[in-house]
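Chemist: next comes the sequence, and after it the predicted model I'd like to discuss.
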Amino acid sequence: MLGCLRLCLNADFDRLHELANQHRTLRLIPSGAHVLGIADWDDKRFSLQTLKDNLALFTPELLARINQEVVVAGYALLGKKNSPAPAAGRCDSFVVETDVHYPTDINLLYDALRVLVVLCAQFGESYGLKGWRQFRSGLKKLKKALRTIQKLKHSTSKDAAKKQAKAGQIARAHQTFLDLSAATLQRVEATLAELATVHPLCERPLAKPKQSVAHARRQIDQIERRVLKGETIPHAEKVFSLFEPHTEWIVKGKAGVPMELGLRVAVVESREGFILHHQVMEKQTDDQIAVAIVKETQALFPSFKACSFDKGFHSPANQTDLKALLDQVTLPKKGKWSAADEARETSDDFVAARKAHAAVESGINALEVHGLDRCLDQGIDGFQRYVALAVVSRNLQKIGQIKRNAERERLARKQERLRQRQQKHAA
């Protein structure tokens, strides 16, 4: 319950911690045994780490099972007027951003060095290693060299001499930063080697600094190639965050959004507004997951027999494979139409489903407003858990809307009966 509350409010753990311990109405809500449902006189308190540890126990697979039960309960509330199970839906994808800063090769190098210097200073204090007493001064020198580069801009002058002079100034500033970085990295590697030799039991905590050393080496190589040698770094070689290495640079061509840093997430929403299934897409595009996500949705809800997509999911193979899985496939084709394509895409059923497909944007917007604009959890496992919990939270909100609307209708009928009785007595 607290995990869903966190996503619904788009809150961090600090706010969730305060609500769990101080919000009287929230603490009275009945939930699982010994979780909430805390009486007024009970002064039970939850520690911040307890909340984090307990929420981390929910795996995406477990949350998918919970979501399935939530959807079934939601359809039971809809009543006999509606389909008893999901029969049709719409599929689309959007980007969930990771909690990272804008990446450049120089600030990514500084991130790695900052982590390494602080860790080495901590190791020095714990194991009596020398050479890190003035580590803050070293970080200031690195930061100053970084800021010098960030303030420099390439010349826009038409004078070739001025442009060449500015380019030389930029190259010298990068070389100064690289020299400082290389010297710092050399000291770090010497400290790690000393730890491994003198304190062999310290091998386990060295895994993180060794990863950061590799990250720093890669960034130094890329800066030298890009700035000093004039090479273009292939996109596949780039990493966009030291702390969230799964982050991707995504360009979807949206107006006013040149790029997004995060991962694509595909969702399948029923026509009644419930999110039936989702998939976090790592190094994948829409056309690569269209068939798989339909199969997974049908494994959860066998009654699912119709689905609409946008053009991003199209491929000739997808058109064929989806027709074998679904009774109705609404998948617009890219490019020029054949006579058969024109007949299919201008049919009444196709046009109606295509118009209804736009409603999936409302569900995506609801997810983004309630937590999925940016993932606040760390690591790919935390990302997948965060998205799965957001889906469960959204479906619980949908159930709340159904119950609220039913109550409003009941009160409206009651008021109407009362009005009719009053008119009858007045007559």
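Modeler: Structure's in. What do you need? Everything numeric here is computed off the predicted structure, so don't read it as measured data.
Chemist: what's next to stretch 149-165, contact-wise?
Modeler: For stretch 149-165, contacts defined as CB atoms under 8 Å, 6 or more residues apart in numbering pick out I106, K166, A167, Q169, I170, A173, H174, F177. Where C-beta positions appear, they are placed from N, C-alpha and C, glycine not excepted.
Chemist: where's the third one, which helix or strand?
Modeler: Per DSSP states H and E, A167 falls inside helix 160-198.
Chemist: which stretches of this structure form strands?
Modeler: 88-98, 248-250, 260-270, 275-281, 306-308, 328-330, 374-375 (DSSP state E).
Chemist: so what's the residue count around K414?
Modeler: K414 has 10 neighbouring residues, counting by other CB atoms under 10 Å.
Chemist: what of H235?
Modeler: 7.
Chemist: ok, it touching I250?
Modeler: No - here H235 does not reach I250: they are 11.6 Å apart, not a contact under CB atoms under 8 Å.
Chemist: and the contacts of stretch 149-165, which are buried?
Modeler: Among these, those classed as buried by 16 or more other CB atoms under 10 Å are I106, K166, I170, A173, H174, F177.
Chemist: now tabulate the residues you listed in CSV and tack on pLDDT and distance to D349.
Modeler: Formatted as CSV, the buried ones among the contacts of stretch 149-165 follow (pLDDT from 0 to 100; distance: CB to CB, whole Å):
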residue, pLDDT, distance to D349
I106, 94, 55
K166, 90, 62
I170, 92, 60
A173, 93, 63
H174, 94, 60
F177, 94, 61
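Chemist: for I250, list the residues it contacts.
Modeler: Contacts of I250 by CB under 8 Å, 6+ apart are V95, M259, E260, L261, G262, L263, R264.
Chemist: count of neighbours near the second one?
Modeler: Which is M259. M259 is flanked by 12 other residues according to other CB under 10 Å.
Chemist: next up, phi/psi of it, please.
Modeler: Dihedral pair for M259: phi -160, psi 160, per degrees, to the nearest 10.
Chemist: re the thing from before, can you pull the buried residues of the helix holding A167?
Modeler: 166, 170, 173-174, 177-178, 180-181, 184-185, 187-189, 191-192, 194-195.
Chemist: ditto for stretch 92-103
Modeler: Across stretch 92-103, burial judged by 16+ other CB under 10 Å covers D92, S93, F94, V95, V96, E97, T98, D99, V100, P103.
Chemist: domain assignment for the chain?
Modeler: The record's domain parsing of the chain by automatic domain parsing lists 1-57, 59-100+250-409, 105-237.
Chemist: state the mean pLDDT of the longest one.
Modeler: It refers to domain 59-100+250-409. Mean pLDDT, domain 59-100+250-409: 90.
Chemist: show the end-to-end separation of it, please.
Modeler: As for domain 59-100+250-409, its first-to-last residue distance stands at 38 Å under the measure CA to CA, to the nearest Å.
Chemist: how close does I402 get to L396?
Modeler: Distance of I402 to L396, given as CB to CB, to the nearest Å: 11 Å.
Chemist: same check, this time on Q319
Modeler: As for Q319, its distance to L396 is 35 Å (criterion: CB to CB).
Chemist: now do G128
Modeler: Distance from G128 to L396, by CB to CB: 54 Å.
Chemist: kindly report the same for G335.
Modeler: Relative to L396, G335 is positioned 41 Å away (criterion: CB to CB).
Chemist: ok, the two, which is more surrounded?
Modeler: Legend: neighbour count by other CB under 10 Å for G335 and L396, higher for L396 (20 against 8).
Chemist: could I get the contacting residues of that one?
Modeler: Counting by CB under 8 Å, 6+ apart, L396 touches C4, V70.
Chemist: and the gap between it and L300?
Modeler: Counting by CB to CB, the gap from L396 to L300 is 17 Å.
Chemist: cool, and S270?
Modeler: Applying CB to CB, the value for S270 to L300 is 11 Å.
Chemist: who has more neighbours out of the two?
Modeler: Comparing S270 with L300 by other CB under 10 Å, the one with more neighbours is S270, at 26 against 17.
Chemist: against S315, how distant is K334?
Modeler: For K334, the distance to S315 equals 9 Å [CB to CB].
Chemist: just give me the residue right at the centre of this structure.
Modeler: The chain has V96 as the residue nearest its centroid, 3.6 Å off, counting by CA atoms, centre = their mean.
Chemist: how near is that one to A317?
Modeler: The value you get for V96 to A317, if CB to CB is used, is 27 Å.
Chemist: could you do R374 as well?
Modeler: Distance of R374 to A317, given as CB to CB: 34 Å.
Chemist: so between those two, which is more surrounded?
Modeler: A count of neighbours by other CB under 10 Å puts R374 above the other of R374 and A317, at 15 against 11.
Chemist: on that earlier part again, tell me the one among the buried residues of stretch 92-103 nearest to A352.
Modeler: D92 (17.5 Å; CB to CB).
Chemist: so who does the closest one touch?
Modeler: Contacts of D92 (CB under 8 Å, 6+ apart): A266, V267, E269, F309, D310, H357, V360, E361, I364.
Chemist: from what I see, the fifth one and P332 are in contact.
Modeler: Same thing as D310. Yes - shown here, D310 and P332 form a contact pair, counting by CB under 8 Å, at 6.8 Å.
Chemist: okay, now the closest residue to K52 other than its chain neighbours: neighbour count?
Modeler: Using CB to CB, 6 or more residues apart in numbering and skipping residues adjacent in sequence, the residue nearest K52 is F13, 6.0 Å away. Neighbourhood size, F13 [other CB under 10 Å]: 17.
Chemist: returning to what we had before: and the residue nearest to the centre of the chain, what are its bridge partners?
Modeler: Per DSSP bridges, the residues bridged to V96 are L263.
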